[in-house]
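*Asks:* predicted model and sequence follow; I will ask about them next.
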Amino acid sequence: MDTLLLELNDWDLCLDASRNIALATAPYALAQDVASAIKTFQGEVYYNVLLGVAYFAQILGHTPPIGVFEEAMIAAALTVPGVVSATCVIESFVGRTVTGQVQFTDSTGATQTVGF
């Protein structure tokens, strides 16, 4: 499914060559949707406040076990239509900065990776 293309640096809408709002197509669209899902704070989506990661309630300022963070990333990725499985790989956890990636498989069996 197509989705609105977001600029990588600002995570904002961008225009195509005809000055129309650009669309992302598969397979990039699915990867962008997973990235959006793991960046969304719970309560931020006004039409469904249950969507998103419970960053304020469970992660930010709480120092949870790393497994809680991993499960939150996986759960967020699995909310994206077409994603059938996901894995979270933590590459670094220094101070208050976590880096890693979510690896996911779509309904066609293709795998992709989204970094955070």
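*Replies:* All right, it came through fine.
*Asks:* so for the longest strand seen in the chain, what gets flagged as buried?
*Replies:* Ranked by residue count and defined by DSSP state E, the top strand of the chain is strand 83-94. Within strand 83-94, the residues scored as buried using 16 or more other CB atoms under 10 Å are Val83, Ala86, Cys88. For glycine as for every other residue, the C-beta is placed from the backbone atoms N, C-alpha and C.
*Asks:* cool, and stretch 102-110?
*Replies:* Buried-residue list, stretch 102-110, by 16+ other CB under 10 Å: Val102, Gln103, Phe104, Asp106.
*Asks:* so which residues of this protein form helices?
*Replies:* Along the chain, the stretches classed as helices by DSSP state H are 28-39, 66-78.
*Asks:* show the pLDDT at the residue lying farthest from the centre of the chain.
*Replies:* Residue farthest from the centre of the chain, counting by CA atoms, centre = their mean, is Ser18 at 28.4 Å. With respect to pLDDT, Ser18 scores 97.
*Asks:* and what of Gly95?
*Replies:* Per-residue pLDDT puts Gly95 at 83.
*Asks:* and it, how far from Thr63?
*Replies:* Using CB to CB, to the nearest Å, Gly95 is found at 11 Å from Thr63.
*Asks:* neighbour-wise, which of those two wins?
*Replies:* Neighbour totals were compared for Gly95 and Thr63, and Thr63 leads with 9 against 6 (other CB atoms under 10 Å).
*Asks:* show me the contacts for the more buried one.
*Replies:* Taking CB atoms under 8 Å, 6 or more residues apart in numbering, we find Thr63 in contact with no residue.
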